[in-house]
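K.L.:
Next come a sequence and a model predicted from it.
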Amino acid sequence: MVAKQNEDFVLDAIRIWRSENLISFFLDDIQHKVKRDRATKVSVYVAGLSAFTGSPINLFLRGESSIGKTYNTMQALAYFPQDMVIYLGGMSQKSLIHEHGILLNKNGEEIDIDNRPVKPKKRDYDSEESFNEALAQYQENVKLFREEMQDSYTLVDVTDRILVFLETPSYETLHMLKPILSHDKLEIPYKFVDKTGKGSMKTMNVRIRGWPAAIFLTVDRKYMEEIATRSFSVTPEDSDLKRIEANMLTNQQLSYPWEFEGETKGFKVIQQLLERLKEFTENGKVKVVIPFPDLHNLFPHEINRDMRDFQHFGQFLATITLLHYFQRPYIIHHDTRYLIAVAEDVRQAYDIYQELLETTRTGTDKRILDFYHIIVKTKDLWYLKNLTEAYNSKYRKKLSEASIRNMLTRLDQIGYVNIRKDDTDIRTNVFIPLKTEDREKLNNVSKLDSKASLEAKLENSFKTWLTRCSKNTVFFSYKNNPAKPGTWGESELTIEELSGLVMNGHKQENISVKTTAFLEYPVKAEATQKTEIQAEDTLKSDSKANLNISTEQQTNLGIPCPHCQGLGKKAFFANDVDLRIHISAYHETQEYVR
């Protein structure tokens, strides 16, 4: 019964993984713990996913305290493999290095500092001669150890990691991390002075490697703004409706706690998908190609930072494409799998990006932007007193004139408001919303053409790409084989089939147990070879393999496959179900790729 339940779960998981509604599925599941805040939840989720892409995202959550920045972030990142996520408080660069660094010698081999030579004690030896021998060996070991330590360095590898800054990092820490957060360098050397165990001072050599996804929950220091302007920004919702729904959820958790214990099925499905994506991408052999060379024409270009923001959008688009790993066509080039983005990925990326476009472009809290759009721009000129009255009549939370002035100062800094002296009283400021044509363009840049118009433009752009890239290129996809009903696997695509997938999207196909095995352990396709997997129920108790694995065999790597061991190969699995699927697909059907 348990095996059958696990089998059904795997089948359901694969069907979901191959759907076009993975973002909606995530939102449906997380809403059991986090109400509303769609833009924030999706932004954090996409930022985490971007750690798999090689071009990760930096995300800033703006807004007042207690608005839900930390809770949203921790709940959205709970789906990810937790060895990826590093939560950082207001720590110094030293604590970051000590807690997450590994000491290596010049050859890149780890040094176990606990195995340093220990001086022998004379009382532990029976004779003077044996003690002197031990002492001489100790001195030789000390020499070798010092030589190894002389060129050693501490490596902090943040590749494929998600750094979550719960508090504002110190200036020194941010300065140290800035080159990798800006993607200026893949590895940076760093030196700082630290105390040894004996209390003396010593210069530490450090190397920080990799580009992590970074999520900042505070932007309360001026030195943070420079990197914040190069990043995405989002503000959690601040509304009565959110507070009402959040309190209702808390009440439900208090009244029916057993209904909230454990993980939902949806949580496990998403968690396993992310684990698979981590496996496939951790060697850098999976990348994304955007087959729309004219995409930039659909993006705003009114202000200078649009150049940077288009790069941000490219990161978003690549991340959405990677999320749909199991339904995207691809190219294999020099041992690298290039997933091909489709029109649906562009639409989904735009839908998400629209929700944080203005906060990102302006680097401003959404509360301040809403103040402008809902109140300030409704009149041609305001006095501070009138604006304060208008705000307090609109919102339940009352603000002082000083708070309103601070928001107006920010709107002035980003070019939304002009502050000047009153013509009749130079001691008084007046506030004028800037409603020029350029400003209206800036406020509406996120509005796309109609769906039909967008598809037509993308189709023409794709044809341009295809003309240039189709020669001597073989395209692949996961699909059913109509010539052999019940078979499914990695298959070569015709140009017509590729065009249909890119422009019309993926039609979900019948998924079988054998498909599950294939997707969990994908076979590398050759340019002239099609791989098929027979679809039949193979998770039966009469499996040919002996699955009574002893406890001794269940190593830290998992349960070994006895067939692979007989072939001189190594394959380990987390549980019996995964092992049975593997055996059914690769051994009992002679499809095992050696």
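P.N.:
Thanks, I have it.
K.L.:
Got the domain ranges for this structure?
P.N.:
In terms of domains, the chain is parsed into 366-444, 538-594 (source: automatic domain parsing).
K.L.:
between those domains, which gets the lowest average pLDDT?
P.N.:
Note on those: lowest mean pLDDT is at domain 538-594, with a mean of 52.
K.L.:
do you know how far Cys561 is from His312?
P.N.:
43 Å (Cβ to Cβ, to the nearest Å). Glycine gets a C-beta too; all of them are placed from N, C-alpha and C.
K.L.:
Who has more neighbours out of the two?
P.N.:
Counted by other Cβ atoms under 10 Å, Cys561 and His312 do not tie: Cys561 has more neighbours, with 24 against 20.
K.L.:
Spatially, which residue comes closest to the more buried one, not counting chain neighbours?
P.N.:
The shortest distance from Cys561 to any non-neighbouring residue, by Cβ to Cβ, 6 or more residues apart in numbering, is to Ala571 (4.3 Å).
K.L.:
And for Ser400, the neighbour number?
P.N.:
10.
K.L.:
tell me the contacts of Phe26?
P.N.:
Phe26 makes contacts with 41-42, 45, 79, 270, as judged by Cβ atoms under 8 Å, 6 or more residues apart in numbering.
K.L.:
what's the spacing between it and Ala214?
P.N.:
From Phe26 to Ala214 the distance is 21 Å (Cβ to Cβ).
K.L.:
what's the answer for Asp425, then?
P.N.:
48 Å.
K.L.:
And those two? Which one has more around it.
P.N.:
Ala214 (26 against 10).
K.L.:
Compute the number of surrounding residues for Pro257.
P.N.:
9.
K.L.:
ok, now how distant is it from Ala246?
P.N.:
17 Å.
K.L.:
Test my guess that the residue nearest to Cys561 contacts Pro560.
P.N.:
Yes. Counting by Cβ atoms under 8 Å, Ala571 touches Pro560, with 6.9 Å between them.
K.L.:
Pull up the overlap in contacts between the two.
P.N.:
With Cβ under 8 Å, 6+ apart, Ala571 and Pro560 have no common neighbours.
K.L.:
hmm, who's touching stretch 366-383?
P.N.:
Contacts for stretch 366-383 (Cβ under 8 Å, 6+ apart): 62-64, 234-235, 238, 358-359, 362, 387, 390-391, 394, 407-408, 410-411, 416-417, 422, 428-433, 435, 443.
K.L.:
check which helix or strand covers the closest residue to Val42 other than its chain neighbours.
P.N.:
Spatially, and ignoring its direct neighbours in sequence, Val42 is nearest to Ile352 (5.5 Å; Cβ to Cβ, 6+ apart). Remark: Ile352 resides in helix 343-362, with elements defined by DSSP states H and E.
K.L.:
Then Arg276?
P.N.:
Going by DSSP H and E, Arg276 is part of helix 265-281.
K.L.:
just the strands in the stretch 201-350 of the chain please.
P.N.:
Counting by DSSP state E, counting those that start in this stretch, the stretch 201-350 of the chain has these strands, from start to end: 201-209, 213-216, 232-234, 286-289, 330-333, 336-340.
K.L.:
Name the stretch among those strands that sits most buried.
P.N.:
strand 213-216 (a mean of 28; mean count of other Cβ atoms under 10 Å).
K.L.:
strand partners of it, parallel vs antiparallel please.
P.N.:
strand 58-61 (parallel), strand 162-165 (parallel) (DSSP bridges).
K.L.:
how about that strand as CSV, C-alpha atoms only?
P.N.:
C-alpha atoms of strand 213-216 as CSV (Å, rounded to 0.1, in the frame of the first residue of the first chain):
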residue,chain,number,x,y,z
ALA,A,213,21.1,34.9,-5.2
ALA,A,214,20.8,37.6,-2.5
ILE,A,215,17.7,38.7,-0.7
PHE,A,216,17.9,41.8,1.5
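K.L.:
How about the contacts made by Ser393?
P.N.:
Taking Cβ under 8 Å, 6+ apart, one finds nothing in contact with Ser393.
K.L.:
so what's the closest residue to Ser43 other than its chain neighbours bridging to?
P.N.:
Once flanking residues are discounted, Ser43 sits nearest to Val234: 4.4 Å by Cβ to Cβ, 6+ apart. Beta-bridge pairing for Val234 (DSSP bridges): Leu61.
K.L.:
shouldn't Val234 be in contact with Thr359?
P.N.:
Yes. Between Val234 and Thr359 there is a contact under Cβ under 8 Å: 5.9 Å.
K.L.:
Mind listing the shared neighbours of the two?
P.N.:
Common neighbours of Val234 and Thr359 (Cβ under 8 Å, 6+ apart) are 62, 366.
K.L.:
ok so, going back, enumerate every residue touching the residue nearest to Ser43.
P.N.:
With Cβ under 8 Å, 6+ apart, Val234 has these contacts: 39-40, 43, 59-62, 355-356, 359-360, 366.
K.L.:
Relative to Leu163, which of those residues is nearest.
P.N.:
If you rank those by distance to Leu163 using Cβ to Cβ, Leu59 comes first, at 10.6 Å.
K.L.:
my guess is that closest one meets Leu217, correct?
P.N.:
No. Taking contacts as Cβ under 8 Å, Leu59 lies outside contact range of Leu217: 9.6 Å.
K.L.:
Have a look at those two and say which one is more surrounded.
P.N.:
A count of neighbours by other Cβ under 10 Å puts Leu59 above the other of Leu59 and Leu217, at 26 against 21.
K.L.:
Quick check: closest non-adjacent residue to the more buried one.
P.N.:
In space, Leu59 is closest to Ala47, 4.2 Å off (Cβ to Cβ, 6+ apart).
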